[in-house]
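Visitor: got a sequence here, can you build the structure:
(chains A and B)
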Number of protein chains: 2
Amino acid sequence: MLARDPPMAARIERARGAAGGRPLMSAEPATVTWLTGLAPDIEWGPSPFSAPPVVVLDPGGSTLLVASEDDAGAAPEDVETRTYPGFAVEDVDRGSLVAGLVLEAVAGAREIACDLAGLPGQVVAALLHDGVELVDVSLELRAARAVKDGDEIEAIRAAVRIADAGHAAARDVLAADRTELELWTQTRAAMEAAAGQRLPVLADFVTGERTADVGGPPTARRLRQGDLLLVDLVPRLGGYWADSCATVALGEPPPAAREAHVAALAALERALELVRPGAKAGEIDTVARKTSPGYPHHTGHGIGTTSHEEPRIIPGSDRVLEPGMVIALEPGAYGDGWGVRVERVAVVTEDGYDVLSGHDLSLT
Amino acid sequence: MLARDPPMAARIERARGAAGGRPLMSAEPATVTWLTGLAPDIEWGPSPFSAPPVVVLDPGGSTLLVASEDDAGAAPEDVETRTYPGFAVEDVDRGSLVAGLVLEAVAGAREIACDLAGLPGQVVAALLHDGVELVDVSLELRAARAVKDGDEIEAIRAAVRIADAGHAAARDVLAADRTELELWTQTRAAMEAAAGQRLPVLADFVTGERTADVGGPPTARRLRQGDLLLVDLVPRLGGYWADSCATVALGEPPPAAREAHVAALAALERALELVRPGAKAGEIDTVARKTSPGYPHHTGHGIGTTSHEEPRIIPGSDRVLEPGMVIALEPGAYGDGWGVRVERVAVVTEDGYDVLSGHDLSLT
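Guide: Numbering: from 1, shown residues only, chains lettered A, B, ... in the order given. Coordinates of the predicted model:
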């Protein structure tokens, strides 16, 4: 749960701008968290006892959360909620109840701004039937979410600390004859212990020749001396995501990997040095790729209530950095049977950047 | 990945029945898995590099999967797929690409059966704009999914074995001064080691007085002698869910809990004895509640491509069991500062039932 006032007011203003004077409606977890502080359960897919929470933002700036009684309990106290039964013995048509509550909240509106893709189909159908115009403002919301408020930066900082704890553990338990899954278990356990709770965690956890694949989940593969571990940890804490990558060698890595790791670190450093208000994403990307030419993926991206958002740091991009943006930079290099990647999260300040990540990036 | 032929043909027939001669369209993970064998990633919410996979079933019985290039790779080879870019450097409007592919697949249809709630909003809007009637057959699909084919029963059996491994580990590591999260880590690790992969796992993992709350996630609470551990493990393997609960005492449990546990076991046994084709869900529920009167939740439910589905075993239900249904029965009892629950998964056979669960249900 976040401290919502006054910081929440700033992003509600940005959301109102994205909505262009219309009511705003969204069931995207990223938007719901951004505007209410509620982090919906996501780890086990659609729940039989709830529907995805929906946020409705009145053009005047008041927010309403429509959620099951169980989910609403996790929302900040000052968020107005309308609820329907959660875990219940009897059969409940939650889809109809959600639609009814949401439609009631926007009754009379002729145009509604929304994250169209994720809205409940019943709501879309009912509104269109009534001649209401649905304006998909997903791109505008994504742009509005790119600049973080102070409480959001603190939330990301807290999530990054969790990732740091995971990296420390991964480095600590790295040993021959252990499986990727065994190392992963200890890595995730360290993050969950640091958080005092279960966490959603997206992760690349690959070793040996699998590092050439850029990423992938942990398997039963056993480590051998000379293997690389490429570990990219993306935990969500309190609705905000971290992102962090390091590459660690068990013993002596392939010589080409050692050279590439030096170049990747240099690329990260040179990219970071460019981070300031007014910098263009494409220029940062260019410098990073010149320094470490061997990676087929983006150089970086924003993080917040999603793990990959604006501003994306990619070739040719004219996106301009602004104070309050939080970006992850992650140059790498991938060769024949090996891969390395290093990553730092930084917040754009008034005159440069602050690095939030604290994990060890050394290869050996 | 499942063996899909000929078993898949049987449920495609049931899906065609639910669709009533119309094309069928769904983005619900449960329906997508059921009709294609693909288990969409669900553990970290919406992906920035894909949209939820969509299945389209032609009235003739041919299935089409619309998924990102990354997701489609995990689908069985004989499923026809249409794809759009997954992990990519450049900006991609995946929502529009998905909508285009899906709409192309149903071009010309005047009525489409669907899981309305989860369809992409763009698809709903475009179809309604063209005057196509969308018929929500979610309830019919849920009913059709209740009877499992042989390959589905084997998939559930495999998932239940994973849950069994988790229970064995939880019992094994139960000790004073360890936290719920520490025990949980070892429990999940045992399941993931048995599966050789990461797994989505919904779980209740509560100890001591928290067992009175029926369920909840693991926390940093430390166990003490005399505590109960109530552990309900719900892992997904290959798209199919298991469900399993046990209650274990560390040392000597509260006397009332011991008595209640005997009653809960008896309720489970008496409920199971009634399982056969033709049995009514409500009658099974009544017998279980008479034997163990102290629980506020359902007596049981189906499992399959969701963790809680038809047939629900609840008071007053006229649902009739049929061969091939797979149900979890989980009577319990909850008192002042303690709670117990026991659970078995059983498949309805031609003349009774087979129990799939193998985990230890003893209290001490």
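Visitor: flag every residue of the stretch 101-250 of chain A that's near chain B.
Guide: A:114, A:116-122, A:124-125, A:128-129, A:134, A:136, A:138, A:179, A:181-182, A:184-185, A:188-189, A:192-193, A:196-198, A:200-202, A:217-220, A:234, A:236 (C-beta under 8 Å from any C-beta of the partner chain). The way it works is simple: take the backbone N, C-alpha and C, and place the C-beta from them, glycine included.
Visitor: if we go to 6 Å?
Guide: Selection of the stretch 101-250 of chain A residues close to chain B by C-beta under 6 Å from any C-beta of the partner chain yields A:116-117, A:119-122, A:124, A:128, A:181, A:185, A:189, A:192-193, A:196, A:198, A:200, A:202, A:217, A:220.
Visitor: among those, which are in strands?
Guide: If you go by DSSP state E, those have residue A:202 in strands.
Visitor: just the buried members of the residues of the stretch 101-250 of chain A next to chain B?
Guide: A:116-117, A:119-122, A:124, A:128, A:181, A:185, A:189, A:192-193, A:198, A:200, A:202, A:217 (16 or more other C-beta atoms under 10 Å in any protein chain shown).
Visitor: could you find the closest non-adjacent residue to residue A:136?
Guide: residue A:116 (3.9 Å; C-beta to C-beta, 6 or more residues apart in numbering or on different chains).
Visitor: close enough to count as contact, the one you found and residue B:121?
Guide: Yes: with contact defined as C-beta atoms under 6 Å, residue A:116 reaches residue B:121; the gap is 3.7 Å.
Visitor: did I read that right, residue A:230 in a strand?
Guide: Yes: Residue A:230: assigned to a strand according to DSSP: H, G, I helix; E, B strand; the rest coil.
Visitor: count of neighbours near it?
Guide: Residues near residue A:230, counting by other C-beta atoms under 10 Å in any protein chain shown, number 27.
Visitor: what does the one 10 residues further on give?
Guide: In terms of burial, residue A:240 registers 28 neighbours under the definition other C-beta under 10 Å.
Visitor: pretty sure it sits against residue A:161.
Guide: No: checked against C-beta under 6 Å, the pair residue A:240 and residue A:161 is beyond contact range at 11.6 Å.
Visitor: quick one on the thing from earlier: so which of the buried ones among the residues of the stretch 101-250 of chain A next to chain B sit within helices?
Guide: Of these, the ones assigned to helices by DSSP state H are A:121-122, A:124, A:128, A:181, A:185, A:189, A:192-193.
Visitor: name the nearest of those relative to residue B:43.
Guide: Nearest to residue B:43 among these is residue A:192, at 14.0 Å by C-beta to C-beta.
Visitor: might you report the residue contacts of that closest one?
Guide: Counting by C-beta atoms under 6 Å, 6 or more residues apart in numbering or on different chains, residue A:192 touches A:198-199, B:181.
Visitor: any chance you could read off phi and psi for residue A:278?
Guide: phi 100, psi -20 (degrees, to the nearest 10).
Visitor: what about it, distance to chain B?
Guide: 21 Å (C-beta to the nearest C-beta, to the nearest Å).
Visitor: just give the nearest non-adjacent residue to that residue, would you?
Guide: In space, residue A:278 is closest to residue A:320, 6.2 Å off (C-beta to C-beta, 6+ apart).
Visitor: can you report phi and psi for that neighbour?
Guide: Residue torsions, per degrees, to the nearest 10, at residue A:320 are phi -110, psi 130.
Visitor: show me what it is bridged to.
Guide: As for beta bridges, residue A:320 partners with residue A:280 under DSSP bridges.
Visitor: can you report how many residues lie near residue A:61?
Guide: Residue A:61: 11 neighbours (other C-beta under 10 Å).
Visitor: the nearest residue in space to it that is not next to it in sequence: neighbour count?
Guide: In this structure, residue A:61 finds its nearest non-sequential neighbour in residue A:12, 5.4 Å apart by C-beta to C-beta, 6+ apart. Neighbourhood size, residue A:12 [other C-beta under 10 Å]: 20.
Visitor: that's a strand at residue A:12, yeah?
Guide: No: according to three-state DSSP, residue A:12 belongs to no strand; its state is helix.
Visitor: can you list the strands that the helix or strand hosting residue A:333 pairs with?
Guide: Taking DSSP states H and E as the definition, one finds residue A:333 inside strand A:332-334. Using DSSP bridges, the strands paired with strand A:332-334 are strand A:339-341 (antiparallel).
Visitor: the strand it pairs with - what's its average pLDDT?
Guide: Looking at strand A:339-341 alone, the average pLDDT works out to 98.
Visitor: so how far is it off the chain centroid?
Guide: Centroid displacement of strand A:339-341 relative to its chain, using C-alpha atoms, centre = their mean, to the nearest Å, is 21 Å.
Visitor: ok, and what's touching it?
Guide: A:211-212, A:230, A:245, A:247, A:257, A:260-261, A:264, A:330, A:332-333.
Visitor: many thanks, we can stop here.
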